[in-house]
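Enquirer: fold the stuff below for me.
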Amino acid sequence: MSNKVGHPVPIVARTMWQSLSRYLLMMLLIFVVIYVVIAVIIAATGKVTTSTVEIAGAGGPKYVLFSYGLIMLVTLMPVYAAFGVTRRHFMTATVVFGTAVSLMAAVILVVAYVVERTVYQASGVLAGMPSYPLRTWADLVPLLVQIWLVFLAHLVSAWLIALGYWRTGPTWGTLLLPLAVIPAIATEAVFGAKWIGTGVDALLRVSPAPWPWATVISVALCAAGIAVAYAAIRTVPIGVAQRIVKF
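Expert: Below you'll find the model as predicted:
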């Protein structure tokens with residue numbers, strides 16, 4: 001009988017998905033359903049001026065993902081390391097999980113946009129909303145990619161924040177915060193995403209980048225952040241993480 005065990009990366013990623021994604025899915029569905037219902041009610045009054053789903057996506061979902069990213073490295077790596085999973089394999093599995101779960105969240109939000117757009121079009125209010133994110137069906141894929149990358153960038157920034165405190169302690173971890181949040185803030189800015197992105201663009205008096213360039217820049221920012229996370233986690237002292245968790 002063979003005792004051969006599979007590669008740890010898909011095993012860890014699958015375990016993360018099975019243990020974490022269901023709760024995130026439940027929270028996102030509840031959140032999105034509430035805003036879609038609000039959109040239907042507002043559309044019935046004929047006084048629609050903005051997308052309620054866009055307002056929802058500008059806050060709750062990405063910050064839920066952000067909070068996941070903050071805690072998952074510190075809490076999960078010591079557990080997997082105890083079972084012989086290397087830091088490199090754990091970080092790779094974390095990136096796979098983060099990419100998949102951010103895509104799942106983006107798909108949910110885009111489906112909400114589709115429902116909202118259908119309601120707005122049926123009620124005749126869509127014509128008066130020139131800045132609606134899903135103005136035509138041709139906008140569907142670009143919108144999905146934008147939301148996916150914004151969500152992923154928030155996860156990457158959360159990983160960098162956690163690793164900054166983990167590796168360097170509270171003082172340097174705090175001082176490194178402006179660098180750690182670059183993937184999230186810069187990705188929002190190049191896409192002109194609400195609300196941080198639009199605020200940064202207004203502050204700097206610049207316009208969002210064209211979608212292809214915004215996509216390339218965002219992918220580069222996420223890749224750079226992930227590379228830094230790989231470098232930081234390779235020599236991280238696991239005992240420190242255990243003390244943080246106990247604290």
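
Enquirer: what's the closest non-adjacent residue to the most centrally placed residue in the chain?
Expert: Taking CA atoms, centre = their mean, the centroid of the chain lies closest to Phe151, which sits 2.2 Å from it. Closest residue to Phe151 apart from its sequence neighbours, by CB to CB, 6 or more residues apart in numbering: Ser102 at 3.9 Å. In this view, the C-beta of every residue, glycine as well, is placed from N, C-alpha and C.

Enquirer: then Arg87?
Expert: Leaving out its chain neighbours, Arg87 is closest to Ile233 (CB to CB, 6+ apart), at 5.1 Å.

Enquirer: got a list of what the one you found touches?
Expert: Ile233 makes contact with 73, 77, 87-88, 90-91, 163 under the criterion CB atoms under 8 Å, 6 or more residues apart in numbering.

Enquirer: mind checking which of those residues are buried?
Expert: Restricting these to buried positions leaves 73, 77, 87, 90-91, 163, with burial counted as 16 or more other CB atoms under 10 Å.

Enquirer: most widely separated two among those?
Expert: Across those, the longest distance by CB to CB is 12.3 Å; it joins Phe90 and Leu163.

Enquirer: Arg167 against Arg234, yeah?
Expert: No - checked against CB atoms under 8 Å, the pair Arg167 and Arg234 is beyond contact range at 10.4 Å.

Enquirer: between these two, tell me which one has more neighbours.
Expert: Applying other CB atoms under 10 Å to Arg167 and Arg234 shows that Arg167 carries more neighbours, namely 16 against 11.

Enquirer: helix or strand next in line after the host helix or strand of that one, which one?
Expert: Following DSSP states H and E, one finds Arg167 within helix 140-175. As assigned by DSSP H and E, the chain's next helix or strand after helix 140-175 is helix 177-180.

Enquirer: buried set for that next one?
Expert: Ala180.

Enquirer: give me the angle between the helix or strand that it is followed by and helix 140-175.
Expert: The helix or strand immediately downstream of helix 177-180 is helix 182-191, counting by DSSP H and E. Helix 182-191 runs at 140 degrees relative to helix 140-175, counting by axes from the mean of the first three to the mean of the last three CA atoms, to 10 degrees.

Enquirer: give me the helices and strands touching helix 182-191, please.
Expert: Packing contacts for helix 182-191, counted by 3 or more CB pairs under 8 Å, 6 or more residues apart in numbering; DSSP states H and E, involve helix 140-175, helix 196-204, helix 211-233.

Enquirer: output the lowest mean pLDDT helix or strand found in the chain.
Expert: Of all the helices and strands that make up the chain, helix 238-246 has the lowest average by mean pLDDT, DSSP states H and E, namely a mean of 52.

Enquirer: give the contact list for Val107.
Expert: With CB under 8 Å, 6+ apart, Val107 has these contacts: Leu144.

Enquirer: so which strand or helix has it?
Expert: Val107 belongs to helix 87-123 when elements are defined using DSSP H and E.

Enquirer: now that helix: buried residues?
Expert: Using 16+ other CB under 10 Å as the test for burial, helix 87-123 gives 87, 89-99, 101-106, 108-110, 112-113, 115-117, 119-120, 123.
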